[in-house]
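Asks: Sequence and predicted structure below; questions after.
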Number of protein chains: 2
Amino acid sequence: MREDNGQTDRTTAIRNGIVAAILEHRVQPGTKLGEDELGSIYGASRTIVRAALQALAHEGIVVIEKNRGAFIARPGPAEAREVFEARTLIEPAIAARAASRAADPAVIAEWAPRLRAHLDEERAALARGDDRAAIRLSGEYHMLIARMAAHSIYEAILGELIARSSLIILLYKSRRAHFCGTDHHAVLADAILAGDGPGAGRLMVEHLVEIEHGLDLGEPAALGASLSEALRG
Amino acid sequence: MREDNGQTDRTTAIRNGIVAAILEHRVQPGTKLGEDELGSIYGASRTIVRAALQALAHEGIVVIEKNRGAFIARPGPAEAREVFEARTLIEPAIAARAASRAADPAVIAEWAPRLRAHLDEERAALARGDDRAAIRLSGEYHMLIARMAAHSIYEAILGELIARSSLIILLYKSRRAHFCGTDHHAVLADAILAGDGPGAGRLMVEHLVEIEHGLDLGEPAALGASLSEALRG
DNA sequence: ATGGCTGTTTTTGTATACGATTCTGCATCA
DNA sequence: TGATGCAGAATCGTATACAAAAACAGCCAT
């Protein structure tokens, strides 16, 4: 009953802040994350900031170059394909697992409202044209399903993959944003809540394939900052 | 042409040292990893040790308790099942991918000798009764296939899962060690090198199922040190 | 003996200091 | 004009200092 960890410790807070910025596309791949800079933003010493950056580097969404600093990762096309291949393998399994948990009425009682509420939020963000919220919610929906699946390892892996996906979409989206259509998400929720594991898995694959099709993974990773660094190595 | 990173940086060296100890079953789950202690072993300051421990914590093979220190993780039965479920999902995909790469003769030329050499090493370790080497090599064989599959994300994920598996096997192995039989590994190599993706995937699943069957995941996580800590929380 | 209290010791959490490396702007020279 | 080199500034890598928390040991009271 004690307040436990009133707020998450400062390292995690910084990490979460940066991840949130990535998920909302408020920061571009390649952006430098200076230690002092972050430290003054979050009112923390470099020791703390550094721990956060190392964690992010481990997750693959930040790259640390020795003696040069930390940068938001700029995944190349090959890495992008790897990320989506991994998602296409793991997420159907997660969806199927969530569906199998739906056999338990208590699980339905807990998760049906959460999924529905989230879908409403997504629709609302889309309706009001709030792209940043929409893209963030889209990723969070996938995480919600992972939490329903109650598999902490899958959940952790997917968290990293989604953050990386966010960077990839920012770099390679071909035409209109084309976020995970809320329709896809809705029918997915129906399949999961109906306990239809194979169906949910199939829908998830289709959904992911469509997202990947919305990308243009032609070889060059285009971006302003890329030139200055492309010529460095 | 410069000597680049003569040896890996010290943080990574410490991390690797601890992982190696886990992979060879030279250290028990629950063991305390004191910062000063590690520092004096590796001749590094606490700053460096701490970074290594944080990395290991992120991989899930070390647990950091606030103000108490870092300990080798002691995965419970539920977590153990999650690890093997994840492996059963990912490793067949890795094996199939490796098999598909075997269509390229250059890939065969590079990897056939490596796999065969590794199998020989495993047989030799088993023959001379060197259990520690045998269990380490057994894990390394799975990593070798992942490297052949040339998918850096799968490789990273599998690395973590294998380290955790090593702890799990140490905690829950039921009777004789029963490491991945070299026979399994050998037929797996045959399927992969023959380019038989589905077959390799199937063999991998069988292999993993057999390993998991060699465990006794009955609820209690038994171990000497466990009592003192079980009563702490 | 048992249980609780208190001062001491050990160990971790965080900030900061200092050397090393890279970056930047300006002056110099072909 | 443009390249080159060289301070000076900024930034990172690492060790260390100090504060805070936990573990420990001894002591007293029951």
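Replies: All right, it came through fine.
Asks: hang on, A:Gly195 packs against A:Arg97?
Replies: No. Applying Cβ atoms under 8 Å as the test, A:Gly195 and A:Arg97 come out as separate, 11.5 Å apart. The way it works is simple: take the backbone N, C-alpha and C, and place the C-beta from them, glycine included.
Asks: Mind checking which of these two has more residues around it?
Replies: Neighbours per residue (other Cβ atoms under 10 Å in any protein chain shown) separate A:Gly195 from A:Arg97, with A:Arg97 holding more: 21 against 17.
Asks: can you tell me if the longest helix along chain A touches chain B.
Replies: Ranked by residue count under DSSP state H, the longest helix found in chain A is helix A:77-101. Yes. On the criterion Cβ under 8 Å from any Cβ of the partner chain, helix A:77-101 is in touch with chain B at A:79, A:82-83, A:85-86, A:89-90, A:93.
Asks: so that helix versus helix B:77-101, what angle?
Replies: 140 degrees (axes from the mean of the first three to the mean of the last three Cα atoms, to 10 degrees).
Asks: Packing partners of whichever helix or strand comes after helix A:77-101?
Replies: Note on helix A:77-101: by DSSP states H and E, the next helix or strand toward the C-terminus is helix A:105-127. With contacts taken as 3 or more Cβ pairs under 8 Å, 6 or more residues apart in numbering or on different chains; DSSP states H and E, helix A:105-127 sits against helix A:131-149, helix A:182-193.
Asks: Can you mark which positions in helix A:105-127 are buried?
Replies: A:107-108, A:111, A:115, A:118-119, A:121-122, A:125-126 (16 or more other Cβ atoms under 10 Å in any protein chain shown).
Asks: do the same with stretch A:143-163
Replies: Quick answer for stretch A:143-163 (16+ other Cβ under 10 Å): A:143-149, A:151, A:153-163.
Asks: mean confidence score for that stretch?
Replies: Averaging pLDDT along stretch A:143-163 yields 98.
Asks: Just the CA coordinates for that stretch, please, in CSV.
Replies: Backbone C-alpha positions of stretch A:143-163 (Å, rounded to 0.1, in the frame of the first residue of the first chain) are rendered in CSV as follows:
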residue,chain,number,x,y,z
MET,A,143,1.5,-3.6,-27.2
LEU,A,144,-1.9,-3.9,-25.7
ILE,A,145,-2.5,-7.3,-27.4
ALA,A,146,0.9,-8.4,-26.2
ARG,A,147,0.0,-7.6,-22.7
MET,A,148,-3.2,-9.5,-23.1
ALA,A,149,-1.2,-12.4,-24.3
ALA,A,150,0.5,-12.4,-20.9
HIS,A,151,4.0,-13.4,-22.1
SER,A,152,6.6,-11.1,-20.7
ILE,A,153,9.3,-12.1,-23.1
TYR,A,154,7.2,-11.6,-26.2
GLU,A,155,6.1,-8.3,-24.8
ALA,A,156,9.6,-7.1,-24.2
ILE,A,157,10.8,-8.2,-27.7
LEU,A,158,7.8,-6.6,-29.3
GLY,A,159,8.4,-3.3,-27.5
GLU,A,160,11.7,-3.0,-29.1
LEU,A,161,10.5,-4.0,-32.5
ILE,A,162,7.7,-1.4,-32.4
ALA,A,163,10.1,1.4,-31.4
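Asks: Sketch out the low-pLDDT regions of chain A for me.
Replies: A:1-7, A:175-182, A:219-233 (pLDDT under 70).
Asks: Skipping its backbone neighbours, what lies nearest the most centrally placed residue in chain A in space?
Replies: The centroid of chain A falls nearest to A:Ile162 when counting by Cα atoms, centre = their mean (2.7 Å). Once flanking residues are discounted, A:Ile162 sits nearest to A:Gly139: 4.7 Å by Cβ to Cβ, 6 or more residues apart in numbering or on different chains.
Asks: Quickly note the distance from that neighbour to A:Ile22.
Replies: 10 Å (Cβ to Cβ, to the nearest Å).
Asks: ok, these two, which is more surrounded?
Replies: More neighbours surround A:Ile22 than the other of A:Gly139 and A:Ile22, with 26 against 22 (other Cβ under 10 Å).
Asks: OK, contacts around that one?
Replies: Contacts for A:Ile22 (Cβ atoms under 8 Å, 6 or more residues apart in numbering or on different chains) come out as A:61, A:72, A:163, A:166-167.
Asks: Name the residues of chain A found near DNA strand D, please.
Replies: Neighbours of DNA strand D within chain A, by Cβ under 7 Å from any atom of the strand: A:32, A:34-37, A:46-47, A:50, A:64, A:66-70.
Asks: hmm, 6 Å instead?
Replies: A:34-36, A:66-67, A:69 (Cβ under 6 Å from any atom of the strand).
Asks: Quickly list the domain ranges of chain A.
Replies: A:10-73, A:77-213 (automatic domain parsing).
Asks: Distance to B:Tyr172 for the ones you listed - can I get that in CSV?
Replies: What follows is these, written out as CSV (distance: least, Cβ to Cβ, whole Å):
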stretch, distance to B:Tyr172
domain A:10-73, 27
domain A:77-213, 17
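Asks: B:Ala57: which of the ones you listed is closest?
Replies: domain A:10-73 (9.2 Å; Cβ to Cβ).
Asks: Now do the SS call for A:Gly129.
Replies: Here A:Gly129 is recorded as coil under DSSP: H, G, I helix; E, B strand; the rest coil.
Asks: List phi and psi for it.
Replies: Main-chain dihedrals, A:Gly129, degrees, to the nearest 10: phi 70, psi 20.
Asks: how many other residues sit next to it?
Replies: So A:Gly129, with other Cβ under 10 Å, has 8 neighbours.
Asks: and what of A:Arg202?
Replies: Count around A:Arg202 with other Cβ under 10 Å applied: 16.
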